[in-house]
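Novice: Give me a model of this one.
(one chain, ligands or ions: 1)
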Amino acid sequence: MRKYGVIGLGQVGATVAYTLVQQGIVDELVLIDKNEALAKAQKLDLDDASPRLSSTTKIILNDYDALADAEVLIVASGNIGAIDMNSSKGRFGEYDLNQAIVRDIAPKIVASGFKGILIDIMNPCDVMTDYLQRMTGFPRNRVFGTGTFLDTARMQKYVGQATGTNGKNVSGYVYGEHGNSQFVAWSTVSVNGQPIKKFPGLNLDQLEEDARQGAFAVMAGKHYTNFAIATCGVRLAEAVSADAQLACPVSAFDPQFGTYVGMPAVIGKNGIESLIQLELTADEQASLAASAKFIKSQVDVLPGAEVNA
Ligand SMILES: NC(=O)c1ccc[n+]([C@@H]2O[C@H](COP(=O)([O-])OP(=O)(O)OC[C@H]3O[C@@H](n4cnc5c(N)ncnc54)[C@H](O)[C@@H]3O)[C@@H](O)[C@H]2O)c1
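Specialist: Numbers count the residues shown, from 1 in each chain. The predicted structure is shown next:
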């Protein structure tokens, strides 16, 4: 029996839940949101789909205890309305509100006896992932964030468009913060197996900026993003369940920096199975260190963050 949990049933959590139910990925799904009416409505809506689906998912509502035997817990709580599109704070518009969410949910997750892998989506993603790990005290391999998995998909899409290639055939990674200090490590990027430097005339700075601003391009029209991030979250959860040993960029704890930061890692049944340390250029290494330093500075000041630092 496969059982997952999702905390936060707004645009992102609801799309994660819908994907899991619609694709028959889980047998049981624990859905949790502090907004009882919303949680109930999401369950009703998903249950209404059940007679038309080829699989059946049992949905358990607002019961932390039911997480005890869940394999994966996806944290998609947050306050998307706190992000001001016109502010340079970006995802840090949610910083104050979402750190309080961590302090609310972390003890409840621990008390539930949850023993699985926790995947954080909540923004600012690297900071909240690190804080969740510290406040739960779970081993670091069992907690990771979606990090730059989505930013890397955006980079693949834009590089694919610029080179007339399907983005699936673009490899390489966006490193660093899921936020302003992220960067494309161009030394890792190739198109159909050819290094990016073999494609002259590309405006790499613009492509990097397009990937960095990808969320805001979507938010300009609908004030949230959901499909791509839910796809990323579900893909990572499935990689855990299948012990896929999937190499992909996520927000993982790097002892070198003492914090969570976006970098390639191998995902399997233990969560982060290993970090992939690529030989970056000196500039890329410096950008990664600077991004990690910024993330750590934002976590270290949070109440209680010193406990499991
Ligand atoms: N990492 C990424 O790449 C990425 C991409 C998109 C969105 N996000 C983030 O995901 C989060 C969710 O986005 P959204 O658009 O669904 O936001 P949303 O505001 O629509 O939904 C958040 C939900 O969390 C619930 N919630 C708040 N506090 C809670 C608590 N203490 N316990 C349980 N539930 C609680 C709210 O009731 C709400 O239903 C945000 O932080 C957003 O910035 C991250």
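
Novice: contacting residues around the residue of the stretch 1-150 of the chain found nearest the ligand?
Specialist: Across the stretch 1-150 of the chain, the shortest distance to the ligand (CB to the nearest ligand atom) belongs to Gly10, at 1.8 Å. The C-beta positions use only the backbone N, C-alpha and C, and glycine is treated the same way. Gly10 makes contacts with Asp33, Leu38, Ala76, Ser77, Gly78, Ile80, Tyr224, as judged by CB atoms under 8 Å, 6 or more residues apart in numbering.

Novice: And the pLDDT for it?
Specialist: pLDDT recorded at Gly10 is 98.

Novice: Go ahead and confirm Thr152 touches Pro249.
Specialist: Yes. Counting by CB atoms under 8 Å, Thr152 touches Pro249, with 4.9 Å between them.

Novice: what does the domain assignment say about this structure?
Specialist: 1-143, 147-299 (the TED database).

Novice: on that earlier part again, quick check: neighbours shared by Thr152 and Pro249?
Specialist: Tyr173, Val174.

Novice: And the helix or strand containing Ala162, what's buried?
Specialist: Assessed by DSSP states H and E, Ala162 sits inside helix 149-163. Under the neighbour-count criterion of 16 or more other CB atoms under 10 Å, helix 149-163 has 149-160, 162-163 buried.

Novice: wait, which of those residues is closest to Gln277?
Specialist: Thr152 (16.9 Å; CB to CB).

Novice: In contact with the closest one, which residues?
Specialist: Contacts of Thr152 (CB under 8 Å, 6+ apart): Gly172, Tyr173, Val174, Ala211, Cys248, Pro249.

Novice: can you pull up the bridge partners for the third one?
Specialist: Going back to what we said before, that points to Val174. Listed beta-bridge partners, Val174: Val184 (assigned using DSSP bridges).

Novice: That one contacts Lys157, correct?
Specialist: No. Contact criterion CB under 8 Å: Val174 and Lys157 do not qualify, at 11.7 Å.

Novice: Could I get the full set of helices for the stretch 101-250 of the chain?
Specialist: 125-136, 149-163, 204-212, 214-222, 227-241 (DSSP state H, counting those that start in this stretch).

Novice: Is the ligand within reach of the last one?
Specialist: Which is helix 227-241. Yes. Shown here: helix 227-241 in contact with the ligand (CB under 6 Å from any ligand atom) through Ile229.

Novice: tell me what that helix is packed against?
Specialist: Packed against helix 227-241 by the contact rule (3 or more CB pairs under 8 Å, 6 or more residues apart in numbering; DSSP states H and E) you find helix 11-22, strand 72-75, strand 117-120, helix 149-163, strand 246-254, strand 259-268.

Novice: Tell me the helix or strand right after the first one.
Specialist: Elements were assigned by DSSP H and E; along the chain past helix 11-22, the next helix or strand is strand 28-32.

Novice: Alpha carbons only: can I get that next one in CSV?
Specialist: The C-alpha coordinates for strand 28-32 follow below in CSV (Å, rounded to 0.1, in the frame of the first residue of the first chain):
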residue,chain,number,x,y,z
GLU,A,28,-4.1,6.5,0.7
LEU,A,29,-3.7,10.2,0.8
VAL,A,30,-3.6,12.3,4.0
LEU,A,31,-4.7,15.9,3.3
ILE,A,32,-4.1,18.6,5.9
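
Novice: and the helices and strands packed on helix 227-241 as CSV, adding distance to Gly90?
Specialist: Shown next, in CSV, are those (distance: least, CB to CB, whole Å):
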stretch, distance to Gly90
helix 11-22, 17
strand 72-75, 19
strand 117-120, 17
helix 149-163, 13
strand 246-254, 16
strand 259-268, 15
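
Novice: closest one to Val184 among those?
Specialist: helix 149-163 (5.4 Å).

Novice: Report the inter-axis angle for that closest one versus helix 227-241.
Specialist: For helix 149-163 against helix 227-241, the angle by axes from the mean of the first three to the mean of the last three CA atoms, to 10 degrees is 120 degrees.

Novice: got the residues of the stretch 1-150 of the chain near the ligand?
Specialist: Proximity of the stretch 1-150 of the chain to the ligand is confined to 7-13, 32-35, 38, 76-81, 91, 94, 98, 101, 104-105, 121-123, 125, 146, 150 under the rule CB under 6 Å from any ligand atom.

Novice: Please convert the buried members of these into ChimeraX selection syntax.
Specialist: Restricted to buried positions by 16+ other CB under 10 Å, the ChimeraX selection for those reads:
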select :7,8,9,10,11,12,13,32,33,76,77,78,79,80,91,94,98,101,105,121,122,123,125,146,150
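
Novice: now the helices of the stretch 101-250 of the chain as CSV including distance to Gln23 and mean pLDDT?
Specialist: Shown next, in CSV, are those (distance: least, CB to CB, whole Å; pLDDT from 0 to 100):
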stretch, distance to Gln23, mean pLDDT
helix 125-136, 24, 98
helix 149-163, 18, 98
helix 204-212, 27, 97
helix 214-222, 22, 94
helix 227-241, 8, 98
